[in-house]
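>>> Pasted the sequence and its predicted model underneath.
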Amino acid sequence: MPAPTAARAAGADSARDVVRWGAFCCVLVPLVLLACGSSAAAAAGTGGALTALTALCWALLTAARSASDAGRCL
């Protein structure tokens, strides 16, 4: 069984990966929408919504990690 610190490090890496992929999609999706002929306003709105969702996920993952480090449950 892995040590608790190793499990926490793996969880932190997973959270970073989720946020990193989310940020990548925040750039990629609007570019694909523009390439497929969508308006610039629609692409910008979609990019903004994805950015807000990624920021929310990052905040929730950070809160969950803080709570688990403190020994509390969310």
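In hand now; what should we look at?
>>> got the buried residues for the helix or strand hosting residue 66?
In this structure, residue 66 is located in helix 40-69 according to DSSP states H and E. Residues of helix 40-69 classed as buried by neighbour count (16 or more other Cβ atoms under 10 Å): 43, 46-47, 50-51, 54, 58, 61. Placement of C-beta: from N, CA and C, glycine included.
>>> can you check stretch 22-29 too?
22, 25-26.
>>> which residues of this structure score low on pLDDT?
Scanning the chain for pLDDT under 70 picks out the ranges 1-12, 72-74.
>>> Widest-spaced pair of the buried residues of helix 40-69?
43 and 61 (26.6 Å; Cβ to Cβ).
>>> Just give the nearest non-adjacent residue to the residue most central in space within the chain, would you?
Nearest to the mean C-alpha position of the chain, by Cα atoms, centre = their mean, lies residue 19 at 2.9 Å. Counting by Cβ to Cβ, 6 or more residues apart in numbering, residue 19 lies nearest to residue 58, which is 4.8 Å off, once chain neighbours are set aside.
>>> Next up, the contacts around the one you found.
15, 19, 22 (Cβ atoms under 8 Å, 6 or more residues apart in numbering).
>>> Please report how far residue 32 lies from residue 50.
12 Å (Cβ to Cβ, to the nearest Å).
>>> so can I have JSON lines of the contacts of residue 58 showing distance to residue 36?
Conversion of these to JSON lines gives the following (distance: Cβ to Cβ, whole Å):
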{"residue": "15", "distance to residue 36": "31"}
{"residue": "19", "distance to residue 36": "26"}
{"residue": "22", "distance to residue 36": "21"}
